[in-house]
Structure formats: C-alpha cells, structure tokens
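K.L.:
No sequence on hand, only this structure:
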C-alpha cells in the first residue's frame with residue numbers, strides 16, 4: 001500500500017468512526033462491547049493526549065498542532081526513500097495528527113470513544129487517530145533502537 005493511500009484510509013476511518021459515535025451516542029453515553037473490558041464511550045477532549053491541558057490554552061495547542069503536523073509532513077518527505085518502518089511509522093503518526101487536527105479545527109475538541117478497562121485498571125478513552133499515532137511511534141522506535149542500531153554496529157566493525 002502506498003504511503004498516501006494509508007494516510008487517506010486512516011484519516012477516513014478516524015473521521016467516519018467519530019461521526020458514527022457522535023450521531024449514535026449522547027455525550028458520556030457508554031455501551032459495552034465486552035462488559036468490563038471494552039466499551040464505546042463518547043467523550044470529548046479539548047486538551048492534549050490523555051486529557052492534559054496545554055499551557056496557553058486550546059488556541060496555542062491548535063497552532064502547535066498545525067506546526068507539528070507540518071514538521072511531520074516535511075520529515076516524511078525527507079524520508080520518502082527511507083526504511084519502510086520509518087515511512088509507515090511517520091505516515092501513521094501523520095494520519096493521527098490530521099484526524100485529531102480536523103476535529104480541533106472544525107469542532108474545537110477531539111472526539112474519543114475507545115474505552116478499555118481490566119479489573120480496576122481503566123485506560124484513558126481514545127480514538128482511531130490516537131491509535132495510529134501510537135502504532136506509528138512504536139514502528140519508529142523499533143527502527144531507531146533495533147534496525148538503526150544494528151546498522152551502526154555494522155559500520156563500526
């Protein structure tokens with residue numbers, strides 16, 4: 001799959017899933033998919049990841065998000081001929097950034113709805129865009145620590 005195709009699919013899936021939740025649920029409504037393990041719970045977030053607030057408020061956060069998204073686009077362009085883990089990792093990060101940026105631009109807040117809990121452990125509610133960013137970061141880290149490190153070891157030998 002092309003990098004551009006992956007980005008389009010992830011952003012479309014993210015926006016469709018958020019639309020489906022907004023049109024099917026009341027704010028704060030929760031429906032179990034697997035009771036006490038996985039629920040769809042409709043919440044909104046006008047802060048950063050994990051509901052953290054950004055110094056300077058949501059307008060500064062919006063500007064920072066736009067700048068960081070531009071940085072990721074530039075980095076992806078620079079790595080267009082790079083290792084697949086880097087390219088696909090950056091594409092996933094960019095997809096998530098675009099998905100959540102779209103929410104911030106049009107609605108002023110991000111829709112979250114994936115709700116995971118196990119026993120007393122309850123994770124932060126998140127969305128498809130957040131998942132894409134997380135998987136992209138894991139791919140990027142795997143490349144940085146395993147692939148790039150082994151390449152440097154070979155060069156040093």
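P.N.:
Here it is on my side, so go on. This is a predicted model, so every value here is computed, not measured.
K.L.:
What ranges does this protein have for its helices?
P.N.:
Along the chain, the stretches classed as helices by DSSP state H are 3-24, 58-78, 84-107, 128-142, 148-156.
K.L.:
Output those helices as a markdown table; include the columns mean neighbour count.
P.N.:
Bear in mind the C-beta positions are built from the backbone N, C-alpha and C, glycine included. Formatted as a markdown table, the helices of the chain follow (neighbours: other CB atoms under 10 Å):
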| stretch | mean neighbour count |
| --- | --- |
| helix 3-24 | 16 |
| helix 58-78 | 14 |
| helix 84-107 | 21 |
| helix 128-142 | 19 |
| helix 148-156 | 10 |
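K.L.:
And those: which comes nearest residue 43?
P.N.:
The closest of the helices of the chain to residue 43 is helix 3-24. By CB to CB, the value is 9.5 Å.
K.L.:
mind checking how far the closest one is from the chain centre?
P.N.:
In terms of CA atoms, centre = their mean, to the nearest Å, the centre of helix 3-24 is found 12 Å from the chain centre.
K.L.:
again, but for stretch 18-31
P.N.:
With CA atoms, centre = their mean as the basis, stretch 18-31 stands 19 Å off its chain's centre.
K.L.:
pull the helix or strand with minimum mean pLDDT from the chain.
P.N.:
Ranked by mean pLDDT, DSSP states H and E, the weakest helix or strand in the chain is helix 148-156, scoring a mean of 57.
K.L.:
Could you find the closest non-adjacent residue to the spatially most central residue of the chain?
P.N.:
Per CA atoms, centre = their mean, the C-alpha nearest to the average position across the chain is that of residue 130, at 2.7 Å. Spatially, and ignoring its direct neighbours in sequence, residue 130 is nearest to residue 96 (6.3 Å; CB to CB, 6 or more residues apart in numbering).
K.L.:
Residue 18 too?
P.N.:
residue 111 is the one closest to residue 18 (CB to CB, 6+ apart), at 4.1 Å.
K.L.:
try residue 39
P.N.:
Take residue 39 and drop its neighbours on the chain: the residue closest to it by CB to CB, 6+ apart is residue 115, 4.3 Å away.
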